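1. Turn this into a model:
(one chain, ligands or ions: 1)
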Amino acid sequence: MTAVCIDGKAFAAKVRAQVAQHVAKLQEEQGIKPGLAVVLVGEDPASAVYVASKGKMTVEVGMTSIEHKLSADTSEETLLSLIDQLNKDPEIHGILVQLPLPSHLNSELVINSIDPAKDVDGFHISNVGLLGTGQKSMVPCTPLGCLMMLRDHLGSLSGLHAVVVGRSNIVGKPMAQLLLGDSCTVTIVHSRTKDLPAMCRSADILVAAVGRPEMITGDYVKPGATVIDVGINRIERDGKKKLVGDVEFASAAAVAGAITPVPGGVGPMTIACLLANTLTACCRANGLPEPEGLTA
Ligand code: NDP
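-> Here you go, the predicted structure:
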């Protein structure tokens, strides 16, 4: 391996410590405590693990954590009424509805019923529009975490060619917008792209958000490039369960200049950025200056 391994776990711990410091100051000087409400519908085990972990870290940074666990057969009316209640609650500054929702619920309708100012996932259509037009918004946590790691590792991103593999609304598209905001030249590639390896090899920054285990090998990487692996894939290899990214770590690390591992890369940054967004939302709601370095 020649690449520097970007330690997302350590960086996320640093971000959380920064958030905790701001939260303590907020409480001491203003008597304000940021609050995050997480809504989980159904019993999806992976979602339950995420929600528990989010709750634990929210409390650790000194914020109020409220969890609403609803049964899988919850009606849209009940869920919308809960969101309405949370929208009006002055103690709650961030609302996150854990996705995916059971299929009888309209995710778009539910997400767009969250007050955009409390939409700490950044999925509300108003926040999508604000980000797309370069205005102040709530930024989706995973791409924000990737951007923070890139800035930390590379400094200025201006003029670099970034290739984003994947065009989903939650990762690929907002990632591309953020990179554009930092003056990268951005290419988005997807399943219909011709000669994907060659496109990827032109990247100074390669972000993989594909959802296909270890698809991006060293052949896709330009020597010295910075590779951000967003993928989280649970696979079984040699009879053992394993977590792997969308990048084949060993072959890519032999070519790249820097690379994020899975686990321990983008994943921990996502929760850290959720906490950072909740703090930002709280500061904005109270007309206070936003914490530096924790927003896009
Ligand atoms: P989606 O399935 O919504 O999107 C995947 C994208 O990859 C699509 O745009 C698709 O193209 C593209 N794609 C699929 N196959 C290929 C291929 N063979 N060649 C080129 N492009 C392809 O996934 P998400 O964006 O939601 O997630 C991506 C990955 O990131 C997943 O592994 C997910 O688990 C992980 N993730 C990790 C998070 C974290 O906290 N670390 C948070 C969110 C996601 P097309 O549009 O043409 O179909």
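2. Show me what from the stretch 151-296 of the chain comes close to the ligand.
-> With Cβ under 6 Å from any ligand atom as the criterion, the stretch 151-296 of the chain meets the ligand at residues 165-168, 170-172, 190-192, 196, 209-212, 230-233, 246, 266-267, 270. Yep, even glycine has a C-beta here, placed from its N, CA and C like the rest.
3. what helix or strand does the spatially most central residue of the chain sit in?
-> The centre of the chain sits closest to residue 142, judged by Cα atoms, centre = their mean, with a distance of 1.5 Å. Take DSSP states H and E as the rule and residue 142 turns out to sit in helix 141-154.
4. hmm, who's touching that helix?
-> Helix 141-154 is contacted by residues 4, 6, 8, 11-12, 15, 120-122, 157, 160, 170-171, 174-175, 178-179, 182, 205, 207, 209, 226, 228, 230, 258, 260, 265-266, 269-274, 276-277, 293, 295-296 when judged by Cβ atoms under 8 Å, 6 or more residues apart in numbering.
5. between the very next helix or strand once past that helix and helix 141-154, what angle do the directions make?
-> Sequence order places strand 161-165 as the next helix or strand after helix 141-154, per DSSP H and E. Per axes from the mean of the first three to the mean of the last three Cα atoms, to 10 degrees, the angle that strand 161-165 makes with helix 141-154 is 150 degrees.
6. quick revisit: counting neighbours, which bits of the helix holding residue 142 end up buried?
-> 141, 142, 143, 144, 145, 146, 147, 148, 149, 150, 153, 154 (16 or more other Cβ atoms under 10 Å).
7. what does stretch 188-206 give?
-> Under the neighbour-count rule (16+ other Cβ under 10 Å), stretch 188-206 has 188, 189, 196, 199, 200, 201, 203, 204, 205, 206 buried.
8. Kindly report the same for stretch 220-237.
-> Quick answer for stretch 220-237 (16+ other Cβ under 10 Å): 220, 221, 222, 225, 226, 227, 228, 229, 230, 231, 232, 233.
9. Just the ones in strands from the residues you listed, please.
-> Here DSSP state E is the test, and the buried residues of stretch 220-237 give 226, 227, 228, 229, 233 as lying in strands.
10. and which of these is nearest to the ligand?
-> For those, the residue nearest the ligand by Cβ to the nearest ligand atom is residue 233; the value is 5.5 Å.
11. re earlier: for the buried residues of stretch 220-237, which one is nearest residue 127?
-> Nearest to residue 127 among these, counting by Cβ to Cβ, is residue 230 at 19.4 Å.
12. Mind putting the buried residues of stretch 188-206 into CSV with pLDDT?
-> Listed next are these as CSV, based on pLDDT from 0 to 100:
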residue, pLDDT
188, 98
189, 98
196, 98
199, 98
200, 98
201, 98
203, 98
204, 98
205, 99
206, 99
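13. Can you list which of those are found in helices?
-> Using DSSP state H, 196, 199, 200, 201 are the members of the buried residues of stretch 188-206 that sit in helices.
14. Number of residues surrounding residue 28?
-> 9 (other Cβ atoms under 10 Å).
15. How much space separates it from the ligand?
-> 32 Å (Cβ to the nearest ligand atom, to the nearest Å).
16. got it, and residue 179?
-> Relative to the ligand, and taking Cβ to the nearest ligand atom, residue 179 is found at 15 Å.
17. quick one: secondary structure of that residue?
-> Classification of residue 179 by DSSP: H, G, I helix; E, B strand; the rest coil places it in helix.
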